[in-house]
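**Student:** Below are the sequence and a predicted model for it; my questions follow.
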Amino acid sequence: MATSINLHSPFLPFFFFFFLTTFHFSIATTTLTSLCNHQLPLPQPTLPSPSFPSSFFTISSGSFSGGHPLFSSSPPLTLPNSFSFLTKSSFHTTDPYLIRVAGTLILRGSPPVSSNRSLLHLVKPRIPRHRPFVRHASVSFDLDGFWSESDSVLCMSGAGIVLSEQGNSIHPNSIFKLGFAKSSNLSRPFVTGSLESMDESSSPDYFDPISLVSFAEKNYEYTQVEKAEKFCGGLSINEKSRGLDGNFSCESLRRMLEGGFRLKYGENCLNGFCDPLRGDLELDQDFMFLDQIDCSDDGKVHMYMLFTNQTRSIYRNFVIGEKALVGEGLWDGERNKLCLLGCDVLVSEESSRKILSIGECNFRISFWFPLTWSLKTRSVVVGKVWREKIEGKTVNSSAISFASTGNYRSNFGGLKYDYAKLDIVRGLCAKVEKKGEEIYPDGKSYRDMRFQFNVKNKEGMGNFGIASPISIGENFYGAVDLENNSTNLESKDGYFNITYKIQYNSLFSNLKISNEKIEISAEGIYDSKTGTLCLVGCRYVGSLEIAKKARVNDSFDCEIFVNLQFGPLNGKAKEHVKGTIKSLRKNSDHLFFNQLDISSYGIYVEQASESIFRMDIEIGMVLASLTLTCVFLGLQLYHVKKNPNFLPYISILMLVVLALGDMIPLVLNFDALFFMRRSKQNVLLWSGGWLEVNEVIIRVLTMVNFLLQLRLLQVVWSARSNEESKTGYWTFEKKTLIICFPLYLFGALIAWIFHTKNNRAQHTIWEDLISYAGLILDGFLIPQVIFNIFSDLKEKTLSHSFYLGFTLVRALPHAYDLYRAHHYVPYVKSSFIYASPNDDIYTLAWDIIVILGGFILSMLVFWQQKYGGASFLPLSMRKTGEYEMVPVSSSS
C-alpha cells in the first residue's frame, strides 16, 4: 500500500528547512572539526532551541578592524568600520552543550585607496552635494556552525561574495569565532571575536584577519544597581524635573536620550587653562553620545557612552573612541532621575587589534529632564558626570555638566518656558503700523512659522539656514500644529511671546572658522497683526577658539538681536520672510559680528493648498486642450477626406510647425509638457503620486496628436506631389518659407539678445528658445495666410473647427495667464502646469498680442476662404489671374 504525503502539513516547512540545513552542514563538517576543535561525529540538529533563540546571538552593531584588501586599514572618522550579525536559526543538537546556529555576518566600511579588487556592494549615499562624498563598501558572509555552552564560544564557517576587477565572482572562505557568554555584566560587557580567511596568503581570495568587538545586548546581569540607587537618593538638583510619559518603558527612555550631549567644563578651561576638574575625570572631549541603551521592565538600565569631538553621532553605530564608559543603574521614578554607575573603558592594541578592558568603576552619571526652559537652558536632557572621592573632593566640585543637543520636537510633554528678555525686546523692536487688509499668520501653524532662509553678509557671501519655532505663549509646538491643542493662545492686541531655534552654517564669520555651525536660541515677541517678529538671541561660544582667547566668562553670547518680517498670507510679496541678525556689541568686542541679512522664499500652508488646488484645475485644462486638439485634427482629416481637391492648398510649413510643437516634448522628454525638472518642483508635489498618472495620460494624448499631425502632413504632401498638381503650389510654399524663415530667425535673434542682456541668471538660452518656439506655435496660421495670398484661392481648405479650434486652444493659456496674474500669487512658478513659462512667453503684453493676433489671423483665414486669398489687399497688390483648380485623385 502506497504511503501518501500530506502537502498541507504544518510540519512540512520545518522538515524542508531541516533537510537544507543538514545538507549545508555536511559540507562544512571538515572545517568545523579542524578549526573549531569539535570531535567527530558532529552532533546533528534536532529541534529549535527555546532557551537560546536566534535573537540571543544577534548583534545589531559592532566595530571591526583589519580585513585588507577588503577594507581600508585606516577608515575615516566619518565612516568607521562596523558590522552586524543576524541570526537565521538556532537548534538544539544531540550534544546537550552544543547549539547549532546559522546566520549572516555583514561588514561595512571604506575600501582601501588602492586595491586590486572592488567590492560587490559599493554604496553611494544620497547626501547633499555640498558635503564630501565618502564611498563605503559592504560584504556579507553566510555562516553555519555551533555555539558551545561550556566554553561560551560561537564558531562558524562560510563564504562571502566579492567581485574582482575582472568581473569574476570569488568566494573567500572564512572561519568566524565569537566569545559569546551566556550572560554579561558591568565587568564583562563586551563581545569579542575574529573572522579569518581559510585561504593561503598567496591566494587572491585571502584577506587579513578581522578583529570584531561589540557591546553585549542580551542577557545582561545587573550587579551594581544597589550602589547606583544609593548615590541617586543622596543627589540633589536645583531644578524641577519631569518624568517619562506614563509608566516606565525602555522605548520612551531611548526617545528622550536620543541625539548628542554637549559637555560643559569649568569656566577656567574656557580661558585656555584647565583646573583639576578635567584632569580628574580624564575627559577632554566636547560631546557625548549614548549607544546600545537596554533596560529591564523594572527600570534597570545599562548603556555604552562614547566621548568624542565629533558634532554628530556616527550613524548610531558602536564606535571605539578615545574615551568611553559603560554604565548600569536605574530610573528613579519618584525623583525623575536616571542614575548610573560607570566604568572606564580601556583601549589597548595588540598586533594591530584593539582590545577593550574595564578600568576603575568610580564614575557616577545622572540624567534628568528639566521642567522649565529658558534662553540659555533648552535641553530636553541635562545631567552631570563625576568621580567618587578623588583626593577628598566633594561630589559637586568635580562634576562636569552636560546637556542634550539633539532634535526634541516630540519631547515637549509637560514643559514650561520662562521668558526673561521681553523687556529688552520691546525696547529694541520698532513699532510697525498695519497696512490695508493684509493678513498674517496667527502663529498656530508650525509649518507657517518655520522657514528655511538664505543668510548673507555685507560682502554678499552667504549660506543656508533654518529657523524653527519652539513655543508660543505657554504652548510648545511639538510634532503637530496648535490648531486643536492650544490653550490661552488668544491675544486682544495680537502680540504673542515666542521662542525660536535658528541654525545656519557660516563661511564668512569673523571667528575665522571654516563652515562654522551657528546655533542661536532666541525669544521675543510676534505681532500677528503686522507679521513682525523681534527676538533676542544667545549663541553658544564655549567651544570657539576666539572666545577662549578673549577670556570670556560666559559660554553664551546673548547680545544678538533678530528682526524679521513675515509676508502676508493674502499679499504678493516676493519674499516669504526677510530681516536681519545683528550683534549688539561694540565693534571692538571679540564676539562682535557684522549684520547679516536674511531672506526666505517659502510659502504658507494656506498658499500651498491654494497652489495645489490651482494645479488640479490646470491639469484638467491641459487634458481638455489636448483632447480638443485631437478632435479638431480628426475633423480636419474628415474634411479633407470629403474634399480631397483641397489638399494641395494647405500650407505644409504650417503643418510642420504644428507637428514640431508635439514632437519636441516627446523627443526631448520635456516631462509631458508641464513637468519641470523634479529638483525644481519638490515644493508642491504633495499629491501622493497621482500626478504621475496624469503625466502618462498627457504623454499618450501628445503622441496621438503627433500621429494625427503626421497623418495630415502625409496626405497633404502626397496630394502636393501628384504629377497633375505641381503647377505652382510648391512655388507658393517656397515663397511662404522665404518670408517666414527670416521672420522666425529674427525672432530667435531677439530672444537670444534678450537672454544675454536681461535673463542670463534666471533661464538658460535653450529654455528661452523653447519659450520662443511656443510663440511661433501661437502664430501657426501665419504660413497659411501667406500661402493663401500667393495662391489667391477662395476654397475652404481648412475646416472652421480646425483653424478656429486651434486658435482657441493657443489663445486660452494666455487668457488664463491674465486671469492667474490677478487672482493667484506666483509663489512657485515651477508649479505652473497650464500656461507654463517654459512652454511659451507669458507676459501682460504678449498675452494681449497673442490673443488679438490669433483672432485677427483666424478672421483673415475666414475672409480668404470666402472671398479669395488676396482679397483684403489693395487692388494694386493683387496678382492678375488665378490658377486653375486641378482635380486630385481621392486615392491620394
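**Tutor:** Yes, it's here.

**Student:** can you give me the helices in the stretch 501-650 of the chain?
**Tutor:** Shown for the stretch 501-650 of the chain, the helices assigned by DSSP state H, counting those that start in this stretch span residues 545-549, 605-642.

**Student:** what's the closest of the ones you listed to Phe57?
**Tutor:** Judged by C-beta to C-beta, the one of the helices of the stretch 501-650 of the chain that comes nearest to Phe57 is helix 545-549, at 47.7 Å. In short, each C-beta sits where N, CA and C put it, glycine included.

**Student:** Spatially nearest residue to Tyr772 (excluding sequence neighbours)?
**Tutor:** Nearest in space to Tyr772, with sequence neighbours left out and distances taken as C-beta to C-beta, 6 or more residues apart in numbering, is Ala751 at 4.3 Å.

**Student:** any idea whether the residue nearest to Leu626 when sequence neighbours are not counted is helix, strand or coil?
**Tutor:** In space, and not counting its chain neighbours, Leu626 is closest to Leu701: 3.9 Å by C-beta to C-beta, 6+ apart. Secondary structure of Leu701, reduced to three states by DSSP: H, G, I helix; E, B strand; the rest coil: helix.

**Student:** what sits against Leu701?
**Tutor:** Contacts here follow C-beta atoms under 8 Å, 6 or more residues apart in numbering; on that basis Leu701 touches Leu623, Leu626, Thr627, Cys630.

**Student:** tell me the pLDDT at the first one?
**Tutor:** Okay, so that is Leu623. Leu623 carries a pLDDT score of 90 in this model.

**Student:** for Phe287, same thing?
**Tutor:** Predicted confidence (pLDDT) at Phe287: the value is 87.

**Student:** how close does it get to Thr311?
**Tutor:** As for Phe287, its distance to Thr311 is 7 Å (criterion: C-beta to C-beta, to the nearest Å).

**Student:** Save the helices of the stretch 501-650 of the chain as a markdown table, and put in distance to Trp331 and mean neighbour count too.
**Tutor:** As requested, those are arranged in a markdown table below (distance: least, C-beta to C-beta, whole Å; neighbours: other C-beta atoms under 10 Å):
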| stretch | distance to Trp331 | mean neighbour count |
| --- | --- | --- |
| helix 545-549 | 36 | 15 |
| helix 605-642 | 39 | 17 |
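
**Student:** Mind putting those into TSV with distance to Lys264?
**Tutor:** As requested, the helices of the stretch 501-650 of the chain are exported to TSV (distance: least, C-beta to C-beta, whole Å):
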stretch	distance to Lys264
helix 545-549	13
helix 605-642	38
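
**Student:** Mind telling me which of these the model trusts least?
**Tutor:** Among these, helix 545-549 carries the lowest mean pLDDT, at a mean of 57.

**Student:** Now Met303: which helix or strand?
**Tutor:** strand 300-308 (DSSP states H and E).

**Student:** That should have said Phe207, apologies.
**Tutor:** Under DSSP H and E, no helix or strand contains Phe207.

**Student:** For Val850, see how far away the closest residue in space to Gly805 that isn't next to it in sequence is.
**Tutor:** Closest residue to Gly805 in three dimensions, ignoring its sequence neighbours and counting by C-beta to C-beta, 6+ apart: Phe632, at 3.8 Å. The span separating Phe632 from Val850 equals 18 Å under the rule C-beta to C-beta.

**Student:** same check, this time on Phe307
**Tutor:** If you go by C-beta to C-beta, the gap between Phe307 and Val850 works out to 68 Å.

**Student:** With Phe215 instead?
**Tutor:** In this structure, Phe215 and Val850 are separated by 70 Å, where distance is defined by C-beta to C-beta.

**Student:** Lys796 too?
**Tutor:** Counting by C-beta to C-beta, the separation of Lys796 from Val850 is 25 Å.

**Student:** Neighbour count: these two, which is higher?
**Tutor:** Counted by other C-beta atoms under 10 Å, Lys796 and Val850 do not tie: Val850 has more neighbours, with 24 against 15.

**Student:** Need the pLDDT of that one.
**Tutor:** pLDDT, Val850: 88.

**Student:** give the contact list for Ser61.
**Tutor:** Residues touching Ser61, when contacts are defined by C-beta under 8 Å, 6+ apart, comprise Ser82, Phe83, Ser84, Ser214, Phe215, Asp291, Gln292, Arg316, Asn317, Phe318.

**Student:** how far away is it from Tyr417?
**Tutor:** When distances are taken as C-beta to C-beta, Ser61 and Tyr417 turn out to be 36 Å apart.

**Student:** now Tyr440
**Tutor:** When distances are taken as C-beta to C-beta, Tyr440 and Tyr417 turn out to be 23 Å apart.

**Student:** Also Ser63?
**Tutor:** In this view, Ser63 and Tyr417 are 41 Å apart by C-beta to C-beta.

**Student:** so Pro441, which of the three states?
**Tutor:** Going by three-state DSSP, the secondary structure assigned to Pro441 is coil.

**Student:** ok, and the closest non-adjacent residue to it?
**Tutor:** Once flanking residues are discounted, Pro441 sits nearest to Asp448: 4.3 Å by C-beta to C-beta, 6+ apart.
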